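[1] I'd like to go over a predicted model; first the sequence, then the structure.
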Amino acid sequence: MSRLNRKPGRAVLLSGVCFTLLLSAGCGKKPLTEATASIPPLTSPVATATSSAEPTVLLPFRQSLTGLPAADKSLARAVLVTVENSPAARPQTGLDQADLVYEVLAEGEITRFLAIYQSEHPEVIGPVRSMRPYFAEIGVGLGAMLVHAGWSQDGMNMMVKLRADHLDGVYADGATFWRSKDRKAPHNLYTSWEKIQQGAARHNFSSEWTDPILRFGEPEAELTGGAEWLPAPTVSIPYISGYKVSYEYDAKQGLYLRSMAGASHLDKETGKQLTAANLLILEASHKILDNEGRRAVDVNSGGNGYLIQQGKERAITWNREDGVIRVYADGAELPLVPGKTWVQIVPIGTVPVFGQG
């Protein structure tokens, strides 16, 4: 089926694949169906081995936000860290250890990352920057603590409205952060999982966390669904030139390799390229609020988009349900591939470019 003839339907119709991602406070509705999934849910321990010569080891749990096998079930409270993406902040540190990363416009055409940590606990995360209202909605919907350096007034108003637990590196919680000497302020503020936990304890924040129960398929399961899935060995998201994002599928790893502004997007500490098992492109309403280019981004009302995994893509619609985003196509729920997920939130009408393979 031609991509030109498969524009997703309106989100209000709720037709489509319902898989659970994570955004923000919910709308209180339940999914339409318990639809049959293309990839069956996990019903037994996950088999894993470090090489073909070694015996298979059955691990009894899956990590909540990645679906990857684990010996123990982590119930650590999730943390959202606002990470800068201006050229002076690159390369960033710790994005490779986030379970989920959202990229969304902040001011003008400048994007920021909302890095969600739960299963991995980085020693360095940053550079950390300021909060926006829709960042807070995404984090609070996950039950996460919010970690940031300053805020817009609308961002603070939203945190107060949502009663968010948050740590601020500019005005209140300096002990949670440090400044590196190899970059100039404000592009040099960093934190760590350990310091975040220490800051949370000082403020008596709750350490309890409710698992959002995301649905994941069996590892290495093949996608099914016929003509709705089209080849997507590459995908480009057309932010402005300095922020243009692209991904290339590595079939050997089963992962998409991320590039930005025409170069591989690397972690500062490890030098390794950032990867994702799942990509989600979501259209959302954007409105510029002031002369600084600050925006209002609607992460509640649903819209059109694409789900991309295992070298293929399909058109979807998304809607808010019980504090998370659910994605629909043909009335069936499609699980995530176990692994990390990157979510690209883009203005309505943004047209991603898919390679044909």
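    Perfect, I can see it now. The model shown is predicted, which means the values in this text are computed figures rather than measured ones.
[2] and stretch 263-277, what's its mean pLDDT?
    Averaged across stretch 263-277, pLDDT comes to 97.
[3] same deal with stretch 289-306?
    In the prediction, stretch 289-306 has an average pLDDT of 88.
[4] Hmm, Asp165 and Phe205 touching each other?
    Yes - shown here, Phe205 and Asp165 form a contact pair, counting by Cβ atoms under 8 Å, at 4.2 Å. Yep, even glycine has a C-beta here, placed from its N, CA and C like the rest.
[5] Pull up the overlap in contacts between these two.
    Between them, Phe205 and Asp165 share the neighbouring residues Met145, with contact defined by Cβ atoms under 8 Å, 6 or more residues apart in numbering.
[6] more neighbours, the two?
    Residue environment comparison for Phe205 versus Asp165 gives the larger neighbour count to Asp165, 21 against 17, counting by other Cβ atoms under 10 Å.
[7] Name all residues that make contact with that one.
    Taking Cβ under 8 Å, 6+ apart, we find Asp165 in contact with 145-146, 200, 203, 205-206.
[8] again with Tyr306
    With contacts defined as Cβ under 8 Å, 6+ apart, Tyr306 is in contact with 279-281, 313-316, 352.
[9] Let me see the ranges of the helices in the stretch 151-300 of the chain.
    Secondary structure of the stretch 151-300 of the chain by DSSP state H, counting those that start in this stretch: the helices cover 153-162, 193-202.
[10] Give the residue spans of the stretch 101-250 of the chain that score low on pLDDT.
    Along the stretch 101-250 of the chain, the parts satisfying pLDDT under 70 run over 224-227.
[11] let's see 80
    Judged by pLDDT under 80, the stretch 101-250 of the chain has its weakly predicted residues at 213-215, 218-227, 241.
[12] Can I get the contacts of Tyr306 in CSV including neighbour count and distance to Tyr306?
    Putting the contacts of Tyr306 into CSV (neighbours: other Cβ atoms under 10 Å; distance: Cβ to Cβ, whole Å) gives the following:
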residue, neighbour count, distance to Tyr306
Leu279, 23, 8
Leu280, 24, 7
Ile281, 23, 5
Glu313, 21, 5
Arg314, 25, 7
Ala315, 19, 6
Ile316, 28, 6
Pro352, 21, 6
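[13] farthest-separated two in the residues you listed?
    Across the contacts of Tyr306, the two members that end up farthest from each other (Cβ to Cβ) are Leu279 and Ala315, 13.5 Å apart.
[14] and Pro233, what does it touch?
    When the contact criterion is Cβ under 8 Å, 6+ apart, the partners of Pro233 are 248-249, 311, 355-357.
[15] Of those residues - the most surrounded one?
    Using other Cβ under 10 Å as the neighbour definition, the contacts of Pro233 reach their maximum at Tyr249, which records 23 neighbours.
[16] List the contacts of that residue.
    232-234, 255-257, 310-311.
[17] now, which of the residues you listed lie within strands?
    Under the assignment DSSP state E, the contacts of Tyr249 contribute 234, 255-257 to strands.
[18] Top of the contacts of Asp165 by number of neighbours, please.
    Met145 (26 neighbours).
[19] and that residue, what are its bridge partners?
    When bridges are called by DSSP bridges, Met145 pairs up with Val79.
[20] Ok, Val324 next?
    The residues listed as beta-bridge partners of Val324 by DSSP bridges are Glu321.
[21] how about the strands of the stretch 51-200 of the chain, start to end?
    57-59, 61-62, 69-70, 79-83, 100-107, 110-117, 145-148, 166-168, 178-179, 189-190 (DSSP state E, counting those that start in this stretch).
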